[in-house]
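Trainee: Could you look at this predicted model? Sequence included:
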Amino acid sequence: MGDKDFQLDLQELVENYVWDCFTQDLGCIKRLFHRRHKYYFDIRWGFVDFSHVTTTKERATIRTADNRRTELYFSHFDNKSNTPQMYTFSTERSTTATTSIEMQENYTIGSEANLEINLADVVKVGGGVNGSLSVTDTKCEEFSETLTWNINTEITVPAWNTARATLYVYEEPSVMDIQVTTTISLPKGSLPVSIRRTKDDKVVKTYWITNLKCIFTDKHEEDGLVRFSNVNVPGSEIDEVVAVIESRGVCKNVSWKNQHVEVQCALMDDAPTEARSAKNVVASAESD
């Protein structure tokens, strides 16, 4: 089973339905003189409403503190004096947060997908891509956001010590199964589709689709690619038939959080004897 079996091309479905209507209207004889490649279809997609609801389920991942911590910047400070000294550790660095959406079952309009995936409250706010994403690639689409980390802090270095100050942030990877439920409706009651002649763009005939169910086949419904429901229309005795399509895929996200500074100090090799003696006294006191 190929990739196309997991995708519904709404443009193709509309065009096939309208062409069938056109050839039936022509009759058996006239239809022989009308070749489809001589025409194209002008579909007014603005008459169609697509509403999307996203649900997610995060997959269990094995994480450790070591492989999540990333070093962004470090600096050395040497205190060649007999008293502790204050130094300013200051820098600005960037990381890139990424979110990739890989669709496995979805619908398209021609060569593009047409999904709004809402990741608000799922992807970490401030540390990654979040909010609503418009997915147009039929297979995989990646979104990225550059994050800037600023640090400006004072550190204390003991006498005759060398210090290494390091800025760390934590990588937060996640993998989620996503499902987007798309409800397709006709708020104006119909979808106009015109058949135009390729050579001069002349409109040959216009059809108004008033029931979305007619563009799908029974097999689409049997295979679970689409389902239908009736929606009450205020002021009308006739319910509107809306189509519901479930799109499924995987969301892989890398976000960042928890910047912090670590300072490691060590006695300098050329420290005078009294500095070494002072360190030994402190060490002895701590061991007691």
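Mentor: Right, received. Where do you want to start?

Trainee: quick one: contacts for residue 25?
Mentor: Residues near residue 25 by Cβ atoms under 8 Å, 6 or more residues apart in numbering: residue 205. Where C-beta positions appear, they are placed from N, C-alpha and C, glycine not excepted.

Trainee: go on, residue 222?
Mentor: No contacts exist for residue 222 under Cβ under 8 Å, 6+ apart.

Trainee: can you give me phi and psi for it?
Mentor: phi -60, psi -40 (degrees, to the nearest 10).

Trainee: show me where pLDDT drops low in the stretch 1-150 of the chain?
Mentor: 1-6, 61-67, 120-132, 138 (pLDDT under 70).

Trainee: And the stretch 151-288 of the chain, by the same measure?
Mentor: Using pLDDT under 70, the flagged stretches of the stretch 151-288 of the chain are 275, 277-288.

Trainee: what about the helices in it?
Mentor: 218-222, 273-287 (DSSP state H, counting those that start in this stretch).

Trainee: buried sites along the shortest one?
Mentor: Under the neighbour-count criterion of 16 or more other Cβ atoms under 10 Å, helix 218-222 has residue 220 buried.

Trainee: Please put the alpha-carbon coordinates of that helix into PDB.
Mentor: C-alpha atoms of helix 218-222 as PDB (Å, rounded to 0.1, in the frame of the first residue of the first chain):
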ATOM      1  CA  ASP A 218     -18.400   4.700   0.000                       C
ATOM      2  CA  LYS A 219     -14.900   3.100   0.200                       C
ATOM      3  CA  HIS A 220     -13.500   6.200   1.800                       C
ATOM      4  CA  GLU A 221     -16.100   5.900   4.600                       C
ATOM      5  CA  GLU A 222     -15.700   2.100   4.900                       C
END
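
Trainee: for it, the distance to its chain's centre please.
Mentor: Centroid separation for helix 218-222 versus its chain: 30 Å, with Cα atoms, centre = their mean, to the nearest Å.

Trainee: switch to numbering from 39
Mentor: New numbering, starting at 39: the last item is helix 256-260.

Trainee: Could you report the neighbour count for the closest residue to residue 254 other than its chain neighbours?
Mentor: Among residues not flanking residue 254 along the chain, residue 264 sits closest, at 5.4 Å (Cβ to Cβ, 6 or more residues apart in numbering). Neighbours of residue 264 under the rule other Cβ atoms under 10 Å: 22.

Trainee: Pretty sure residue 264 sits against residue 280.
Mentor: No. Applying Cβ atoms under 8 Å as the test, residue 264 and residue 280 come out as separate, 10.5 Å apart.

Trainee: Give the residues shared as contacts by the two.
Mentor: In contact with both residue 264 and residue 280: no residue, using Cβ under 8 Å, 6+ apart.

Trainee: picking that back up, quick one: residues contacting the residue nearest to residue 254.
Mentor: Residue 264 touches 46, 254, 258, 281, 282, 283, counting by Cβ under 8 Å, 6+ apart.

Trainee: what residues are up against the last one?
Mentor: Taking Cβ under 8 Å, 6+ apart as the definition of contact, the neighbours of residue 283 are 46, 145, 219, 220, 222, 263, 264.

Trainee: Could you report the distance from residue 292 to residue 138?
Mentor: According to Cβ to Cβ, to the nearest Å, residue 292 stands 9 Å off from residue 138.

Trainee: just to revisit the earlier point, and the contacts of residue 264, which is closest to residue 87?
Mentor: Using Cβ to Cβ, residue 281 is the member of the contacts of residue 264 that lies nearest residue 87, at 11.1 Å.

Trainee: going on from the longest helix seen in the chain, what's the next piece of helix or strand?
Mentor: Longest among the helix segments of the chain by residue count, using DSSP state H, is helix 48-68. Next helix or strand after helix 48-68 toward the C-terminus (DSSP states H and E): strand 77-81.

Trainee: buried set for that next one?
Mentor: Those would be 77, 79, 81, for strand 77-81 by 16+ other Cβ under 10 Å.

Trainee: which helices and strands sit right next to it?
Mentor: Judged by 3 or more Cβ pairs under 8 Å, 6 or more residues apart in numbering; DSSP states H and E, strand 77-81 is in contact with helix 48-68, strand 229-235.
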